[in-house]
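*Asks:* Got a predicted model here, sequence first, then my questions.
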Amino acid sequence: MALIKTILVSSIILVMGCSVTTTQIEGKHDSGPEEKTQRQNPGPEKVTPCQLMNDPATYNHKLVEVTGFFSHGFENSTVKDPGCATRSIWFEYGGTTATGTMICCGVSAERSRLEPLVVEDIPIPLVEDDQFRKFDKLLQSKPDTLVRSTLIGRFFSGTLEEFPTGKIWVGYGHFGMHSLLALHQVLSVEPQDREDLDYSFDPGDGYIGNKCDYEILTEHEIGGVSVEAQKRAEQVETRGWAFDDPSRVASNALAGFLHLDERSITGLKQTRKAQGRFVYEWRNETKGTKYRIVVSRPYWLSFYAKDPGKVAWVVLAAYEYKCV
């Protein structure tokens, strides 16, 4: 199969209503009209993003109800659960409304399409009600944002392909490297009403110019690491500073990455501040090396905290720079 498959399948057809694949169940007795309707049009199966990512083949083409963290930005339109898997699922709206995500290759970033979405010969309608409009407004409100929502969609596993790093389910999204969740209906949306939390998704802040190469010191997937940092802050009395001193969190983490005494990390400078986020820089004069640390109070971490109102500062990303 071609590695890159656009989600806007060429054989798009007009959708007049919700079309659900039916499953015929043989019975030994006559069924009433209501029972027959339930058998022929089964409701969505409740699953987690982890279940979809860990066993894509089982849920292929199924209508599912998923609660997860949906993110949208440049080359990104994904759903995941930071507490489990290392990969994410691409998502796109059904109907004629699109997420408008800029990705490679040959996929339009327009917010609408001429005809309703059809994927693998299955039409995907979209319920454009108040819940959907609330969900879409939050996703589109910033260049990079994260929304927790429960929704119904149809899942497409893609195909299992062999790569140098192992086998991966691919076929959709940026470079065709994801499975797909095609959105049918939004059931609920969590508000973004706290000024102390970081609602963005991308750690970012790594690029500082063409003359500088950099190495990422943090793990590629920071979900599990951040959850553990929250737990340590809650369990160890001596780490109370993790809740109110982001610069200490930055210097403590940098000392750990570099195997230094934290007291040697002096002259840490704050270079940027945003809602729920600080960026710090430090130069090792001895080695002539520069470091940047992104510290955040992630919105999603409030769902893992003992007290949702008390989220720790955690390191989203740390970079080491070697400049010409």
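*Replies:* Looks like it arrived, so ask away. Note that the structure is a prediction, hence the values are computed from the model and not measured. Residues are numbered from 1 along each chain as shown.
*Asks:* And the helices in the stretch 101-250 of the chain, which stretches?
*Replies:* Along the stretch 101-250 of the chain, counting by DSSP state H, counting those that start in this stretch, helices occupy 130-140, 223-235, 246-258.
*Asks:* any idea of the mean pLDDT for the first one?
*Replies:* Averaged across helix 130-140, pLDDT comes to 96.
*Asks:* Which residues does that helix contact?
*Replies:* 70, 72, 93, 97, 99-100, 126, 145, 147, 149, 151, 185-189, 192 (C-beta atoms under 8 Å, 6 or more residues apart in numbering). Placement of C-beta: from N, CA and C, glycine included.
*Asks:* same deal with the last one?
*Replies:* Residues lying outside helix 246-258 but in contact with it, judged by C-beta under 8 Å, 6+ apart, are 217, 241-242, 260-262, 264-265, 268, 270, 278, 280, 282, 284, 291, 293, 295, 312-315, 318.
*Asks:* Now a ChimeraX select for only the buried ones of the contacts of helix 130-140.
*Replies:* The following ChimeraX line selects those of the contacts of helix 130-140 that are buried, judged by 16 or more other C-beta atoms under 10 Å:
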select :70,72,93,97,99,100,126,145,147,149,151,185,186,187,189,192
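*Asks:* Which of the contacts of helix 130-140 fall within strands?
*Replies:* Among those, the members falling in strands (DSSP state E) are 70, 72, 93, 145, 147, 149, 151, 185-189.
*Asks:* Quick one: buried ones out of the contacts of helix 246-258?
*Replies:* Buried among the contacts of helix 246-258 by 16+ other C-beta under 10 Å: 217, 242, 265, 268, 278, 280, 282, 291, 293, 295, 312-315, 318.
*Asks:* out of the ones in strands among the contacts of helix 130-140, what pair is the most spread apart?
*Replies:* 145 and 185 (20.7 Å; C-beta to C-beta).
*Asks:* Tell me the buried residues in stretch 55-71?
*Replies:* Buried residues in stretch 55-71, counting neighbours by 16+ other C-beta under 10 Å, are found at 56, 59-60, 62-71.
*Asks:* Okay, now the unreliable bits of the stretch 101-250 of the chain?
*Replies:* 106, 205-211, 220-222 (pLDDT under 70).
*Asks:* tell me the domain boundaries of this protein?
*Replies:* Residue ranges for each domain of the chain read 44-189, 212-323, as given by automatic domain parsing.
*Asks:* so of the ones you listed, which one's packed in deepest?
*Replies:* Comparing the domains of the chain by mean neighbour count (mean count of other C-beta atoms under 10 Å), domain 44-189 comes out on top with a mean of 18.
*Asks:* Go through the domains of the chain and name the closest to residue 197.
*Replies:* With C-beta to C-beta as the measure, domain 212-323 is the member of these nearest residue 197 (4.5 Å).
*Asks:* do you know how far the nearest residue to residue 156 once chain neighbours are set aside is from residue 110?
*Replies:* Closest residue to residue 156 apart from its sequence neighbours, by C-beta to C-beta, 6 or more residues apart in numbering: residue 180 at 4.3 Å. Per C-beta to C-beta, to the nearest Å, residue 180 is found 18 Å from residue 110.
*Asks:* before we move on, what about residue 75?
*Replies:* Taking C-beta to C-beta, one finds residue 75 at 16 Å from residue 110.
*Asks:* about what we covered before: want to throw the helices of the stretch 101-250 of the chain into JSON lines with distance to residue 172?
*Replies:* Output for these, formatted as JSON lines (distance: least, C-beta to C-beta, whole Å):
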{"stretch": "helix 130-140", "distance to residue 172": "18"}
{"stretch": "helix 223-235", "distance to residue 172": "22"}
{"stretch": "helix 246-258", "distance to residue 172": "35"}
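*Asks:* Of these, which is nearest residue 43?
*Replies:* Closest to residue 43 of those, according to C-beta to C-beta: helix 130-140, at 17.4 Å.
*Asks:* one step back: so which of the buried residues of stretch 55-71 are in helices?
*Replies:* Per DSSP state H, helices hold the following members of the buried residues of stretch 55-71: 56, 59.
*Asks:* So the closest residue to residue 290 other than its chain neighbours, which state does it fall into?
*Replies:* Once flanking residues are discounted, residue 290 sits nearest to residue 321: 4.3 Å by C-beta to C-beta, 6+ apart. Secondary structure assignment for residue 321 (DSSP: H, G, I helix; E, B strand; the rest coil): strand.
*Asks:* Residue 321 reaches residue 212, doesn't it?
*Replies:* Yes - Residue 321 is within contact range of residue 212, at 4.9 Å (criterion: C-beta atoms under 8 Å).
*Asks:* Quick check: neighbours shared by these two?
*Replies:* residue 290.
*Asks:* What segments of the stretch 201-324 of the chain are strands?
*Replies:* 212-216, 269-274, 277-284, 289-296, 314-323 (DSSP state E, counting those that start in this stretch).
*Asks:* Tell me how far the shortest one lies from the chain's centre.
*Replies:* Okay, so that is strand 212-216. In terms of C-alpha atoms, centre = their mean, to the nearest Å, the centre of strand 212-216 is found 24 Å from the chain centre.
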